[in-house]
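[1] Predicted structure and sequence below. I'll ask about it afterward.
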Amino acid sequence: MQASTDQLTHWLLSSLELETTLFHIGQYCGTWRATPSEFMSTGFHLVLNGNCWMHLPEHQDRIPLQRGDAVFFLRETLHYLSPNKMPDDPALCCVKEGSMKPIDENVPDAVALACGFFNFKSGLSEMLMSSFPDYLIIRADSNELAGTRAIFDLILLETKQSGDAPSPLIVRLTDILFFYVVRQMAATQKISTGLCAAIQSPEFSKLLEAMIKEPQKSWPVEAMASFSHMSRATFFKRFSKIAGQSPNFFLAMVRMKIAAQLLRQGSSITQTAEKVGYQSESAFAKVFKKIVGQQPGAYQRSSNKFDLKA
């Protein structure tokens, strides 16, 4: 990946604000079925030891998982884990069976799991992930994601040292694991549309750099097209197809991403609005609310609380 697109990808991924919760950690033996928590629309499963199967009834799919594998669900997807290759009765797929015990690697045929859920803290995060698949799987033997092995080894080490209370580092390491995989997917151009695809596009990466550098400029579509050496009609068609958004909406997203960062750093709403091209604080607040999901002041207050927790 070229340095410029690498920097753009990192800039975009910094929009992701996760609040991760470790729901349970332990192992299953014998007959069992692990189903998502009622709180989980987005979440994860880390296979710490053993082998099992992930069943997705709505897709009529079954996926083998082994020690060192991880699954991240980016949106609500009906699924369950079990030791059986053959799927269970559909009426039972949401019914948990068996109890989770403390991890003991000496127990034969046991499957140790760390499971939890996470929330995307802002609308920008959800927009970034909207073009990603419903779930991401990290394979322990993947050469492409070889860097995840060291992260996973640290998670395993933390589970062994946790004692009765899970180590808070497990959550932080899981966040790193997730960010690593998302970055790798963006870097290898496996996302065909959306924000990451636009950043990877040779046609538009320079334009995005300029928009990020000078968000206060008016940037009408004609100016974007001229910068990209295209006619207005050609630019609008190509950009919308790759980005999955109109150029104007994409510009608003770039500006609100910068605005969110400025607000987290303590800039006033008035200062922030001016720095991203808005002379009217009310107009800025309206767009910020539409894209981020909160009023600027509420976002700034909640971000300060979030930073204190972190």
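    Nice, thanks for sending it over.
[2] pretty sure residue 44 is in a strand, no?
    Yes - assessed by DSSP: H, G, I helix; E, B strand; the rest coil, residue 44 belongs to a strand.
[3] Count residues in the vicinity of it, would you?
    The number of residues packed near residue 44 is 24, by other CB atoms under 10 Å. Just so you know, the C-beta spots here come from the backbone N, C-alpha and C atoms, and that holds for glycine as well.
[4] Likewise for the one 4 residues further on?
    Here the count is done by other CB under 10 Å, and residue 48 has 23 residues near it.
[5] and what of the one 5 residues further on?
    A count of nearby residues for residue 53, using other CB under 10 Å, gives 17.
[6] Contacts only, for it.
    Contact partners of residue 53, counting by CB atoms under 8 Å, 6 or more residues apart in numbering, are 62-65, 81-85.
[7] redo that, cut-off 7 Å
    By CB atoms under 7 Å, 6 or more residues apart in numbering, the contact set of residue 53 is 62-65, 81-82, 84-85.
[8] Got phi/psi on it?
    Reported as degrees, to the nearest 10, the phi and psi values for residue 53 are phi -130, psi 140.
[9] what are the bridge partners for it, then?
    residue 64, residue 82 (DSSP bridges).
[10] Spatially central residue for this protein, please.
    residue 129 (5.8 Å; CA atoms, centre = their mean).
[11] so it touches residue 74, yeah?
    Yes - proximity of residue 129 to residue 74 meets the contact threshold set by CB atoms under 7 Å, at 5.2 Å.
[12] before we move on, back to that, list buried members of the contacts of residue 53 by neighbour count.
    63, 65, 81-82 (16 or more other CB atoms under 10 Å).
[13] neighbours of residue 261, just the number please.
    There are 15 residues near residue 261, going by other CB under 10 Å.
[14] ignore the last one, residue 24
    Around residue 24 there are 12 residues (other CB under 10 Å).
[15] Low-confidence ranges, the chain, go.
    1-6, 38-40, 162-164, 186-192, 304-310 (pLDDT under 70).
[16] Can you give the domain ranges for it?
    Per automatic domain parsing, the structural domains of the chain span 3-10+17-187, 201-309.
[17] hmm, back to that, now the buried ones among the contacts of residue 53 as TSV including distance to residue 53?
    Below are the buried ones among the contacts of residue 53 laid out as TSV (distance: CB to CB, whole Å):
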residue	distance to residue 53
63	7
65	7
81	7
82	6
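[18] now the helices for the protein?
    3-13, 123-129, 148-161, 169-187, 195-200, 205-213, 221-227, 232-243, 247-264, 269-275, 281-292, 296-309 (DSSP state H).
[19] just checking, which of those helices sits deepest inside the structure?
    helix 195-200 (a mean of 24; mean count of other CB atoms under 10 Å).
[20] Show me what it is packed against.
    In terms of contacts (3 or more CB pairs under 7 Å, 6 or more residues apart in numbering; DSSP states H and E), helix 195-200 is packed against helix 3-13, helix 205-213, helix 232-243.
[21] repeat that with 6 Å
    helix 3-13, helix 232-243 (3 or more CB pairs under 6 Å, 6 or more residues apart in numbering; DSSP states H and E).
[22] Between the ones you listed, which one is closest to residue 200.
    Nearest of these to residue 200, taken as CB to CB: helix 3-13 at 5.8 Å.
[23] ok so, going back, need the domains of the chain in a markdown table (columns: distance to residue 193).
    Formatted as a markdown table, the domains of the chain follow (distance: least, CB to CB, whole Å):
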| stretch | distance to residue 193 |
| --- | --- |
| domain 3-10+17-187 | 5 |
| domain 201-309 | 4 |
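[24] Out of the ones you listed, the one nearest residue 195 is which?
    Checked against CB to CB, the stretch from the domains of the chain lying closest is domain 3-10+17-187, at 5.4 Å.
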